[in-house]
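Undergrad: The following comprises the amino acid sequence and a computationally predicted model.
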Amino acid sequence: MSARRVKRLAEPRCDHHMAAAIIHHQHQDRIAVSRRDDPVGEYILPGGHLDTSGVPKTVAMLTCRHLDVPVKKAELLSSEVRDDACSRPPGVGGTGHRWWVFAIETDINPWHRLPDAGHIPGTIATWWLSRIDVQAAAQRSADLATGVLALDEWEARPGFDPAYVRLLAAHGWASLTGGELEAIEQLARAGLSA
Ligand SMILES: [Zn+2]
(Lines give C-alpha, C1' and ligand atoms only; values in the text may rest on other atoms or scores of the structure.)
Protein backbone atom coordinates (compact mmCIF):
# COMPACT_ATOMS: atom_id res chain seq x y z
CA MET A 1 0.00 0.00 0.00
CA SER A 2 1.46 3.34 -1.03
CA ALA A 3 2.04 6.23 1.35
CA ARG A 4 -0.52 8.24 -0.58
CA ARG A 5 -3.16 5.51 -0.15
CA VAL A 6 -2.52 5.22 3.59
CA LYS A 7 -2.89 8.97 3.93
CA ARG A 8 -6.13 8.94 1.96
CA LEU A 9 -7.75 6.41 4.29
CA ALA A 10 -6.96 8.63 7.26
CA GLU A 11 -8.64 11.69 5.75
CA PRO A 12 -12.26 12.74 6.27
CA ARG A 13 -14.72 12.47 3.41
CA CYS A 14 -14.85 15.18 0.76
CA ASP A 15 -17.45 17.88 1.49
CA HIS A 16 -17.41 19.17 -2.14
CA HIS A 17 -16.50 22.75 -1.25
CA MET A 18 -13.02 24.23 -1.63
CA ALA A 19 -11.72 27.68 -0.80
CA ALA A 20 -8.63 29.05 -2.55
CA ALA A 21 -6.90 32.30 -1.65
CA ILE A 22 -4.91 34.39 -4.11
CA ILE A 23 -2.80 36.31 -1.60
CA HIS A 24 -1.03 39.02 -3.55
CA HIS A 25 2.21 40.55 -2.27
CA GLN A 26 1.77 43.78 -4.18
CA HIS A 27 5.23 45.17 -3.48
CA GLN A 28 6.91 42.14 -5.04
CA ASP A 29 4.08 41.10 -7.41
CA ARG A 30 4.16 37.58 -5.98
CA ILE A 31 1.46 35.25 -4.64
CA ALA A 32 1.57 32.85 -1.71
CA VAL A 33 1.86 29.25 -2.92
CA SER A 34 1.87 26.14 -0.75
CA ARG A 35 3.46 22.78 -1.29
CA ARG A 36 1.18 19.88 -0.49
CA ASP A 37 2.17 17.42 2.23
CA ASP A 38 2.16 14.26 0.13
CA PRO A 39 4.88 12.22 -1.58
CA VAL A 40 4.83 14.40 -4.72
CA GLY A 41 4.38 17.81 -3.08
CA GLU A 42 2.45 19.61 -5.83
CA TYR A 43 1.92 23.37 -5.59
CA ILE A 44 -1.52 24.55 -4.51
CA LEU A 45 -3.10 27.85 -3.55
CA PRO A 46 -3.61 28.30 0.21
CA GLY A 47 -7.06 27.25 1.41
CA GLY A 48 -8.72 23.84 1.37
CA HIS A 49 -11.95 22.00 2.03
CA LEU A 50 -14.51 23.93 4.07
CA ASP A 51 -15.27 21.03 6.44
CA THR A 52 -16.76 22.13 9.72
CA SER A 53 -16.06 25.86 9.32
CA GLY A 54 -18.81 25.97 6.70
CA VAL A 55 -18.07 29.49 5.42
CA PRO A 56 -15.66 29.90 2.47
CA LYS A 57 -14.45 33.33 3.57
CA THR A 58 -13.65 31.97 7.03
CA VAL A 59 -11.36 29.36 5.48
CA ALA A 60 -9.59 32.03 3.42
CA MET A 61 -9.16 34.26 6.48
CA LEU A 62 -7.99 31.36 8.65
CA THR A 63 -5.45 30.49 5.98
CA CYS A 64 -4.05 34.03 6.17
CA ARG A 65 -3.85 33.74 9.94
CA HIS A 66 -1.85 30.49 9.61
CA LEU A 67 0.53 32.42 7.36
CA ASP A 68 0.67 35.44 9.62
CA VAL A 69 -0.56 37.66 6.79
CA PRO A 70 -2.72 40.63 7.84
CA VAL A 71 -5.85 40.92 5.67
CA LYS A 72 -6.92 44.35 4.49
CA LYS A 73 -9.66 43.11 2.20
CA ALA A 74 -10.97 39.69 1.10
CA GLU A 75 -12.98 39.73 -2.10
CA LEU A 76 -14.80 36.77 -3.67
CA LEU A 77 -13.52 36.55 -7.25
CA SER A 78 -15.42 33.51 -8.46
CA SER A 79 -17.52 30.57 -7.40
CA GLU A 80 -18.03 27.69 -9.78
CA VAL A 81 -18.82 23.99 -9.66
CA ARG A 82 -16.33 21.64 -11.32
CA ASP A 83 -16.14 17.87 -11.36
CA ASP A 84 -12.50 17.61 -10.33
CA ALA A 85 -11.30 14.75 -8.15
CA CYS A 86 -9.50 15.16 -4.82
CA SER A 87 -7.45 12.88 -2.61
CA ARG A 88 -10.26 12.33 -0.10
CA PRO A 89 -12.86 9.55 -0.24
CA PRO A 90 -15.90 11.07 -2.03
CA GLY A 91 -18.82 12.25 0.08
CA VAL A 92 -22.47 12.31 -0.92
CA GLY A 93 -22.85 13.07 -4.65
CA GLY A 94 -19.64 11.53 -5.99
CA THR A 95 -16.67 13.72 -6.96
CA GLY A 96 -16.46 17.46 -7.63
CA HIS A 97 -16.28 20.76 -5.78
CA ARG A 98 -17.69 24.24 -5.68
CA TRP A 99 -14.56 26.38 -5.82
CA TRP A 100 -14.64 29.65 -3.89
CA VAL A 101 -11.74 31.85 -5.00
CA PHE A 102 -10.79 34.92 -2.97
CA ALA A 103 -8.44 37.78 -3.73
CA ILE A 104 -6.69 38.78 -0.53
CA GLU A 105 -5.40 42.31 -0.22
CA THR A 106 -2.81 42.80 2.51
CA ASP A 107 -0.78 45.68 3.87
CA ILE A 108 2.39 43.69 4.47
CA ASN A 109 5.72 45.42 4.15
CA PRO A 110 7.92 45.05 1.04
CA TRP A 111 10.26 42.57 2.80
CA HIS A 112 7.58 40.32 4.30
CA ARG A 113 8.61 36.68 4.71
CA LEU A 114 6.17 33.85 5.31
CA PRO A 115 6.72 32.00 8.60
CA ASP A 116 8.67 28.74 8.60
CA ALA A 117 6.26 27.25 11.14
CA GLY A 118 2.48 27.38 11.48
CA HIS A 119 1.76 25.81 8.13
CA ILE A 120 -1.68 25.39 6.68
CA PRO A 121 -2.93 21.85 7.45
CA GLY A 122 -2.08 19.45 4.62
CA THR A 123 0.92 21.48 3.44
CA ILE A 124 4.62 21.43 4.23
CA ALA A 125 5.58 24.96 3.25
CA THR A 126 4.29 28.21 1.77
CA TRP A 127 6.32 30.91 0.10
CA TRP A 128 5.96 33.89 -2.23
CA LEU A 129 6.20 32.83 -5.87
CA SER A 130 6.89 35.36 -8.63
CA ARG A 131 4.60 35.76 -11.62
CA ILE A 132 7.24 34.10 -13.82
CA ASP A 133 7.58 31.10 -11.48
CA VAL A 134 3.78 30.71 -11.18
CA GLN A 135 3.58 30.62 -14.98
CA ALA A 136 6.43 28.07 -15.18
CA ALA A 137 4.77 25.78 -12.61
CA ALA A 138 1.41 26.05 -14.42
CA GLN A 139 3.15 25.27 -17.71
CA ARG A 140 4.62 22.14 -16.11
CA SER A 141 1.07 20.99 -15.29
CA ALA A 142 0.10 21.68 -18.91
CA ASP A 143 3.10 19.67 -20.12
CA LEU A 144 2.08 16.73 -17.93
CA ALA A 145 -1.53 16.95 -19.16
CA THR A 146 -0.52 17.05 -22.83
CA GLY A 147 2.04 14.27 -22.54
CA VAL A 148 5.13 16.47 -23.02
CA LEU A 149 6.23 15.53 -19.51
CA ALA A 150 6.29 11.93 -18.19
CA LEU A 151 4.80 11.21 -14.77
CA ASP A 152 8.16 10.39 -13.21
CA GLU A 153 9.57 13.70 -14.47
CA TRP A 154 6.59 15.48 -12.95
CA GLU A 155 7.00 13.69 -9.63
CA ALA A 156 10.67 14.63 -9.51
CA ARG A 157 9.77 18.32 -9.96
CA PRO A 158 6.01 18.93 -9.80
CA GLY A 159 4.06 21.98 -10.92
CA PHE A 160 0.59 23.01 -9.74
CA ASP A 161 -2.02 20.45 -8.83
CA PRO A 162 -4.10 20.47 -12.07
CA ALA A 163 -7.26 21.59 -10.25
CA TYR A 164 -5.66 24.97 -9.47
CA VAL A 165 -4.37 25.83 -12.94
CA ARG A 166 -7.73 26.90 -14.32
CA LEU A 167 -8.19 29.26 -11.36
CA LEU A 168 -4.77 30.80 -11.95
CA ALA A 169 -5.52 31.24 -15.65
CA ALA A 170 -8.97 32.71 -14.97
CA HIS A 171 -7.52 35.33 -12.64
CA GLY A 172 -4.52 36.39 -14.70
CA TRP A 173 -1.69 34.41 -13.08
CA ALA A 174 -1.10 31.87 -15.85
CA SER A 175 -1.39 32.03 -19.59
CA LEU A 176 -2.06 28.74 -21.40
CA THR A 177 -3.72 27.72 -24.65
CA GLY A 178 -7.33 26.53 -24.77
CA GLY A 179 -6.10 23.04 -25.65
CA GLU A 180 -3.73 22.96 -22.68
CA LEU A 181 -6.46 24.13 -20.30
CA GLU A 182 -8.84 21.46 -21.60
CA ALA A 183 -6.18 18.75 -21.14
CA ILE A 184 -5.45 19.98 -17.60
CA GLU A 185 -9.14 19.96 -16.74
CA GLN A 186 -9.38 16.36 -17.93
CA LEU A 187 -6.44 15.48 -15.69
CA ALA A 188 -8.10 17.28 -12.77
CA ARG A 189 -11.23 15.19 -13.33
CA ALA A 190 -9.26 11.93 -13.46
CA GLY A 191 -7.16 12.84 -10.42
CA LEU A 192 -3.40 12.56 -10.37
CA SER A 193 -3.45 9.88 -7.68
CA ALA A 194 -5.98 7.63 -9.43
ZN1 LIG B 1 -12.73 17.11 -2.03
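TA: Sure thing, it's come through.

Undergrad: Now do the residue nearest the centre of the chain against the ion, distance only.
TA: Nearest to the mean C-alpha position of the chain, by CA atoms, centre = their mean, lies Ile44 at 2.6 Å. As for Ile44, its distance to the ion is 12 Å (criterion: CB to the ion, to the nearest Å). Placement of C-beta: from N, CA and C, glycine included.

Undergrad: Verify the contact between that residue and Ile31 for me.
TA: No - using CB atoms under 8 Å, Ile44 is not in contact with Ile31, being 11.7 Å away.

Undergrad: coming back round to it: model confidence for the residue nearest to the centre of the chain, exactly?
TA: pLDDT, Ile44: 96.

Undergrad: what residues are up against it?
TA: Ala20, Val33, Ser34, Arg35, Arg36, Thr123, Phe160, Asp161, Tyr164 (CB atoms under 8 Å, 6 or more residues apart in numbering).

Undergrad: can we see that at 7 Å?
TA: With contact set as CB atoms under 7 Å, 6 or more residues apart in numbering, Ile44 has these partners: Ser34, Arg36, Phe160, Asp161, Tyr164.

Undergrad: my guess is the last one contacts Glu42, does it?
TA: No - with contact defined as CB atoms under 7 Å, Tyr164 and Glu42 do not form a contacting pair (8.5 Å).

Undergrad: These two: who's more crowded?
TA: A direct count of neighbours by other CB atoms under 10 Å for Tyr164 and Glu42 places Tyr164 higher, at 28 against 21.

Undergrad: which element is the more buried one on?
TA: Here Tyr164 sits within helix 162-170, counting by DSSP states H and E.
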